[in-house]
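**Student:** dropping the sequence and predicted coords here.
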Amino acid sequence: MLKLFIYSFLLLVISSCDDSNISDDRLPEVSAESITVAETNQNQEISLEISIDKPSTQEIIINYNTSNGSALAGSDFRSIQSERVVIPAGEITASITLTILGDEFKEDPEHFIVNLSSAINASISTDEIKITITDTDTLVEPGTSITFEGYESPLEYEGYNLVWQDEFEADQLSDDYTFEIGTGSNGWGNNESQYYREENTRLEDGYLVIQAKEENFQGQEYTSSRIITEGKKEFKYGRFDIRARMPYGQGLWPAIWMLGSNFRQVGWPHCGEIDIMEMIGGQGREATVHGTVHWQSDNGYASFTNSEELIDATLAEKFHVFSIIWDENSITWLIDNEPYGTIDTTPAHLDEFREEFFFIFNVAVGGNWPQYPDETTTFPQEMWIDYVRVFQKP
């Protein structure tokens, strides 16, 4: 009988010590695993899973934000200042959406942090989650290492004389140029976002630099510069070489172009327009140069465009020479002395291109064509011009 009593007592003790019969009244613990994501050329949304170690009969609310590591908010990822994620009662997971900002430039692996700052009806086990961004791009980001390398054109061509040049070696811009100030009509006819100022142009070490800045001025969000040679240096026919390096980024629109000298009398497009080069930034478009003419044909406004895309490079990485060869019969566009397009200007309705034209150099911000800067666009951005040379036949 005693043995039976002792045996029963031991069974009761063992049963009472069984974990399965102990009530787990602690709070659920919140955690998340660090993740690695491959950056693409486009913005992408990713999900970070937040979990608890046991279901709860109550809704769990977790507050979170992001902070910089080697990756920077606004350049590499979209910042989250203060948000909350909810795990419903009875569930054990929920997701946070993060936005990785894409570009086409090569970068080392970077990371940022998702901080779990507090929780309701739960405790936080992991308060910092590391998000690593890897990159498979091959292009070097302009500005990470300033370079003055690139193609250089000769100072003479057979059959031509050098009739005008500006190497920008002086301390200040010459009297050959005039600044155009303000916003023009309807954002210079293109719904552009910048206010043009003289202060955004400088000469530095033999280069003309036009800087686009993000700043509020005269009701505009951005400032830049636009200079012209109207009434001072105007040309009809010749070879025109401009060595320059472009800015980059969504919404940037640098241009080296010409308008007919009768612009004030007949207006646009009757005066004609020759775009020696244009580039629009963002979405991988910095690798393409556009050469265009605009005019008034017998049937109304007309235009003709040629484009050339660089291979594994952008117009912002190094200097290129943008050229046209223009005579009474045609206009040919070249980059680094390689032709990429020609228009026959002999038809009578193209007679705009048998008159004198003047230069315009500018960097626009936003507009109908490039659209507008976004969170991936960094400022300031600059167009550097090494020289302008005009050759004509004797």
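**Tutor:** Yes, it's here.
**Student:** so where do the helices sit in this protein?
**Tutor:** For the chain, the helices defined by DSSP state H occupy 2-17, 263-266.
**Student:** which one of the ones you listed has the lowest average pLDDT?
**Tutor:** Ranked by mean pLDDT, the helices of the chain end with helix 2-17 at the bottom, a mean of 47.
**Student:** what's the end-to-end length of stretch 212-223?
**Tutor:** End-to-end distance of stretch 212-223 (CA to CA, to the nearest Å): 6 Å.
**Student:** what of stretch 277-294?
**Tutor:** 13 Å.
**Student:** from here on, call the first residue 11.
**Tutor:** Yes, from this point I'll number from 11; that puts the last item at stretch 287-304.
**Student:** how about that stretch, which residues are buried there?
**Tutor:** Residues of stretch 287-304 classed as buried by neighbour count (16 or more other CB atoms under 10 Å): 287-292, 295-297, 299-304. For the C-beta atoms, the positions are set from N, CA and C on the backbone; glycine is no exception.
**Student:** can you check stretch 228-237 too?
**Tutor:** Quick answer for stretch 228-237 (16+ other CB under 10 Å): 230-237.
**Student:** one more: stretch 179-188?
**Tutor:** By 16+ other CB under 10 Å, the buried positions in stretch 179-188 come out as 183, 187-188.
**Student:** now render these as TSV, adding pLDDT and distance to residue 115.
**Tutor:** Listed next are the buried residues of stretch 179-188 as TSV, based on pLDDT from 0 to 100; distance: CB to CB, whole Å:
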residue	pLDDT	distance to residue 115
183	97	32
187	98	33
188	98	36
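**Student:** nearest to residue 117, of the buried residues of stretch 228-237?
**Tutor:** Closest approach to residue 117 among the buried residues of stretch 228-237 (CB to CB): residue 232, at 25.6 Å.
**Student:** and that closest one, what does it touch?
**Tutor:** Contacts for residue 232 (CB atoms under 8 Å, 6 or more residues apart in numbering) come out as 203-205, 222-225, 375-376, 383, 389.
**Student:** could you flag which of those are buried?
**Tutor:** Of these, these count as buried by 16+ other CB under 10 Å: 203-205, 222-224, 375-376, 383, 389.
**Student:** give me the neighbour count for residue 309.
**Tutor:** Residue 309 has 7 neighbours, counted by other CB atoms under 10 Å.
**Student:** oh, that last question was meant for residue 99, not what I typed.
**Tutor:** 12.
**Student:** does it touch residue 71 like I think?
**Tutor:** No. In this structure, residue 99 is not within contact of residue 71 by CB atoms under 8 Å, at 11.4 Å.
**Student:** tell me the contacts of the nearest residue to residue 231 once chain neighbours are set aside?
**Tutor:** Leaving aside its sequence neighbours, residue 231 sits nearest to residue 203 (CB to CB, 6 or more residues apart in numbering; 5.7 Å). Going by CB under 8 Å, 6+ apart, residue 203 touches 197, 230-232, 261, 375-377, 382-383.
**Student:** mind redoing it with 7 Å?
**Tutor:** 197, 230-232, 375-376, 382 (CB atoms under 7 Å, 6 or more residues apart in numbering).
**Student:** quick one, strands of the stretch 11-160 of the chain?
**Tutor:** 39-41, 45-48, 54-62, 70-78, 93-97, 103-110, 115-116, 120-130, 133-134, 138-144, 149-150 (DSSP state E, counting those that start in this stretch).
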